[in-house]
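Q: Fold the following for me, if possible:
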Amino acid sequence: MKLRNALFVAAVLLNLSILTSCSTTDPEPEIPLADQIEGEYVGDSYTAGTKLITLPATNSDGVIATVRVIINKLSDSEADFIIVFKQSKAGIENSSRSQSDTIQLSKNASGDIVGTESHGYSLKYTNDTVVLDIPNADPSQSLSITASK
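A: Coordinates of the predicted model:
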């Protein structure tokens, strides 16, 4: 009888250890940072110096200005971006492109994806919105672009 009780207790303990050793809350592996931000974004606004411009913007001559931001994955933790400024009027379009150098990506304390490239251009990504800051020695020439997926 003592042997039967000992075997029963051993079986119960073995079952408990099996049940508690399997975790169903194992975290999913994190998607690489560059994969999380890669893609095309539509400009919501930009700030030139201290002047905020909401996009799309139309000037007094009827020229419509828009901005697209394209973020390209270079590796799991590196990206670059292309800014496409487009102006159009009466079906005629003119665009210009600027491309950043490689940006090393990381997460800040708030969980945002951030990075800075060799010219000081910086990127911050939060909730499908990217903010690009392009500094200039003359603060009135600095540019900040906010764009969303």
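
Q: Any stretches of the chain with poor pLDDT?
A: For the chain, applying pLDDT under 70 flags the ranges 1-24.

Q: Now do the helices in it.
A: Remark: helices assigned in the chain by DSSP state H are 2-21, 33-37.

Q: Which strands or helices does the shortest one pack on?
A: What that stands for is helix 33-37. strand 64-75, strand 78-89, strand 103-107, strand 113-116, strand 122-126 (3 or more CB pairs under 8 Å, 6 or more residues apart in numbering; DSSP states H and E). (C-beta placed from N, C-alpha, C; glycine too.)

Q: Direction included, what does the first one pair up with?
A: Read that as strand 64-75. strand 39-48 (antiparallel), strand 57-58 (antiparallel), strand 78-89 (antiparallel) (DSSP bridges).

Q: Who is the nearest residue to V131 once chain neighbours are set aside paired with across the strands?
A: Nearest non-adjacent residue to V131, counting by CB to CB, 6 or more residues apart in numbering: K124, 4.7 Å away. Beta-bridge pairing of K124 under DSSP bridges involves V114, V131.

Q: Any figure for the gap between K124 and S118?
A: When distance is defined by CB to CB, to the nearest Å, K124 is 17 Å away from S118.

Q: Between these two, point out the one with more neighbours.
A: Legend: neighbour count by other CB atoms under 10 Å for K124 and S118, higher for K124 (18 against 9).

Q: Counting neighbours, what do you get for the residue lying closest to A147 once chain neighbours are set aside?
A: Take A147 and drop its neighbours on the chain: the residue closest to it by CB to CB, 6+ apart is Y41, 3.6 Å away. Residues near Y41, counting by other CB under 10 Å, number 23.

Q: In the sheet, which residues pair with Y41? Tell me.
A: V69.

Q: got a list of what it touches?
A: By CB atoms under 8 Å, 6 or more residues apart in numbering, the contact list for Y41 reads 68-71, 129-130, 147-149.

Q: what phi and what psi does the backbone show at D61?
A: With angles defined as degrees, to the nearest 10, D61 sits at phi -90, psi 0.
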